[in-house]
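Asker: What follows is a predicted structure for the sequence shown.
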Protein chains: 2
Amino acid sequence: MAQIIDGKLVSKKILENLSDEILFLAQKPCLAVIIVGNDSASKIYVNLKKKKALELGIESIVVEMPETVSQEELLEKIEQLNNDKKVNAILVQLPLPQHIDTKIILEKITPLKDVDCFHPYNTGHIAAGTKPYVYPCTPKGIIRLLEYYNIPVEGKHAVVIGRSNIVGRPLAQMLLNENATVTICHSRTKNLEEITKTADILISAVGQRNLIKANMVKDDVVVIDVGMNRTEDNKLCGDVDFYNVEKKASFITPVPGGVGPMTICSLMQNTFDLYKLQNKNQVT
Amino acid sequence: MAQIIDGKLVSKKILENLSDEILFLAQKPCLAVIIVGNDSASKIYVNLKKKKALELGIESIVVEMPETVSQEELLEKIEQLNNDKKVNAILVQLPLPQHIDTKIILEKITPLKDVDCFHPYNTGHIAAGTKPYVYPCTPKGIIRLLEYYNIPVEGKHAVVIGRSNIVGRPLAQMLLNENATVTICHSRTKNLEEITKTADILISAVGQRNLIKANMVKDDVVVIDVGMNRTEDNKLCGDVDFYNVEKKASFITPVPGGVGPMTICSLMQNTFDLYKLQNKNQVT
């Protein structure tokens, strides 16, 4: 039976340290979140971020803009936040309405406040094996989990399924920078099973229930499940057939309680790290 | 026996089209090359670029700076070229002297004149699957070769050996963007042979003679050899045991005459593409 990778526990510990560090700061770190329109899921996510920030003593500003906001108005708002010394981190809640070019919006955020690490300047550093200001939240959370459980990455074959800009692509780069041999698979991949069977570390970030079955993994594989799906009876589940894969794996993340808690944890850590960078930069 | 991928032929055709396009331009594209110090290899490369540009009707400016140049002087020179409307493309010949931080220098080149595609803004777009202003020269040349010989990439397993920022890393991203399943191997990779045997397209960019032997590839593999090494009798050779691997491969690049000619070809194409982008941007 695999050891369960407990994201709740790890994130709790990280956040405790973080709140200790923030406790004695005269000026608190500040995260600005822009939300456009009335998407209910987006509102839930934004409220979770606001609540978590509050718990930690991180100030949060939520900027609500109407569904009908123009791209120019949104760009102006970001420019305002870029120039606002009080704001350390800027997050634009996605998705944005159809009439807005998300790429242009995300590139408007100054890289030093790019808390999600979506700006090409920051992703480019990851791709080059050099340091961005901060790393993207979910991949960063996954690396932290591997570190916490002392799971070696160097020289291992890491197979990443899914090539989103939020998880798959940056995570593959970050694992490469940790000296893993990395394979990235996706919807056009043929013989997925042949490749997953060779994985020492298997990360699934697809969003397809039961994509990864026991016959697709080798013994003692480390399984990281980034999927977020629902069962018939509306229970949360990942991409992995947990019940059967757990029997073969050496480590495995559950859903919920695995990668999920790490993402918001990284967001808070990134906000604090940007705060430190900006204050350091002001001093020097 | 494999079909030989003839880089001389393909680059010749591309450059003929390019010179035709340039012929009737009132103002010619302009490439600025900065060379620091007296490294003889660097001087040879710079002269090759200058000569090729001249052949095509591309103007070239070679800025020679002494080995002792300060980082600040170099940054000032780049700033000058960034602001010089006549200059469309800027290339800093590497390597730079020890006392200069190459990363800072390359980031100083404005992304719209970054002809080598080394700026994080541009590499970040490749990593995100979006468009940089231009693609890095050698990877771009390799993609052009695959296109020219109608070698399908989508759904194929491409194995890239080597993770340099000049070839391996960006090429892996570009192949992913072409919907290949991509594995990137490097010095820390264990059981390289097990992975290379699964490759439909195998690219070696290591610089180690006879790294890739016939028993490491499957039948009908497509082999792209980016290596540039010397035999005992000082003949140029690549990373691949060409004589034996050719018998198993469906396509293979020779060294010399394979990837090599494509790199300078891409540099010229990139200079022209940046010229077009800048003039388009001026108009709009």
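Answerer: Yep, it's here. Numbering: from 1, shown residues only, chains lettered A, B, ... in the order given.
Asker: show me the contacts for residue A:229.
Answerer: Residues in contact with residue A:229, defined by CB atoms under 8 Å, 6 or more residues apart in numbering or on different chains, are A:207-209, A:236-239, A:255. For glycine as for every other residue, the C-beta is placed from the backbone atoms N, C-alpha and C.
Asker: Now do it against residue B:201, distance only.
Answerer: 33 Å (CB to CB, to the nearest Å).
Asker: quick one on the thing from earlier: which of the contacts of residue A:229 count as buried?
Answerer: The neighbour count (16 or more other CB atoms under 10 Å in any protein chain shown) marks A:209, A:237-239, A:255 as buried among these.
Asker: Chain B next: which of the residues you listed are close?
Answerer: Near chain B, judged by CB under 8 Å from any CB of the partner chain, there are no entries from the buried ones among the contacts of residue A:229.
Asker: wait, what's in contact with the closest residue to residue A:5 other than its chain neighbours?
Answerer: Leaving aside its sequence neighbours, residue A:5 sits nearest to residue A:253 (CB to CB, 6 or more residues apart in numbering or on different chains; 4.5 Å). Taking CB under 8 Å, 6+ apart, we find residue A:253 in contact with A:4-5, A:7, A:145, A:223-225, A:238, A:259.
Asker: quick one: is stretch A:212-225 near chain B?
Answerer: No. Using CB under 8 Å from any CB, stretch A:212-225 never reaches chain B; the gap is at least 12.5 Å.
Asker: residue ranges of the strands in chain A, please?
Answerer: A:3-4, A:30-36, A:59-65, A:89-92, A:157-161, A:181-185, A:201-204, A:222-225, A:229-230, A:236-237, A:251-252 (DSSP state E).
Asker: Could you dump the ones you listed into JSON lines and include distance to residue B:105 and mean pLDDT?
Answerer: Below are those laid out as JSON lines (distance: least, CB to CB, whole Å; pLDDT from 0 to 100):
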{"stretch": "strand A:3-4", "distance to residue B:105": "47", "mean pLDDT": "98"}
{"stretch": "strand A:30-36", "distance to residue B:105": "33", "mean pLDDT": "98"}
{"stretch": "strand A:59-65", "distance to residue B:105": "37", "mean pLDDT": "97"}
{"stretch": "strand A:89-92", "distance to residue B:105": "29", "mean pLDDT": "98"}
{"stretch": "strand A:157-161", "distance to residue B:105": "32", "mean pLDDT": "98"}
{"stretch": "strand A:181-185", "distance to residue B:105": "29", "mean pLDDT": "98"}
{"stretch": "strand A:201-204", "distance to residue B:105": "35", "mean pLDDT": "98"}
{"stretch": "strand A:222-225", "distance to residue B:105": "38", "mean pLDDT": "98"}
{"stretch": "strand A:229-230", "distance to residue B:105": "47", "mean pLDDT": "96"}
{"stretch": "strand A:236-237", "distance to residue B:105": "49", "mean pLDDT": "96"}
{"stretch": "strand A:251-252", "distance to residue B:105": "43", "mean pLDDT": "98"}
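Asker: would a markdown table of those strands with distance to residue B:15 be doable?
Answerer: What follows is the strands of chain A, written out as a markdown table (distance: least, CB to CB, whole Å):
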| stretch | distance to residue B:15 |
| --- | --- |
| strand A:3-4 | 59 |
| strand A:30-36 | 48 |
| strand A:59-65 | 50 |
| strand A:89-92 | 44 |
| strand A:157-161 | 38 |
| strand A:181-185 | 34 |
| strand A:201-204 | 43 |
| strand A:222-225 | 47 |
| strand A:229-230 | 52 |
| strand A:236-237 | 56 |
| strand A:251-252 | 53 |
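Asker: So for residue B:170, which of these sits nearest?
Answerer: Closest to residue B:170 of the strands of chain A, according to CB to CB: strand A:181-185, at 14.3 Å.
Asker: Contacts for the closest one, please.
Answerer: Against strand A:181-185 from outside (CB under 8 Å, 6+ apart): A:155-163, A:168-169, A:172, A:175-176, A:192, A:195-196, A:198-199, B:176, B:181-186, B:188-190, B:195.
Asker: Run the angle between that strand and strand A:157-161 for me.
Answerer: 20 degrees (axes from the mean of the first three to the mean of the last three CA atoms, to 10 degrees).
Asker: Can you list the buried residues in strand A:181-185?
Answerer: Applying 16+ other CB under 10 Å to strand A:181-185 flags A:181-185 as buried.
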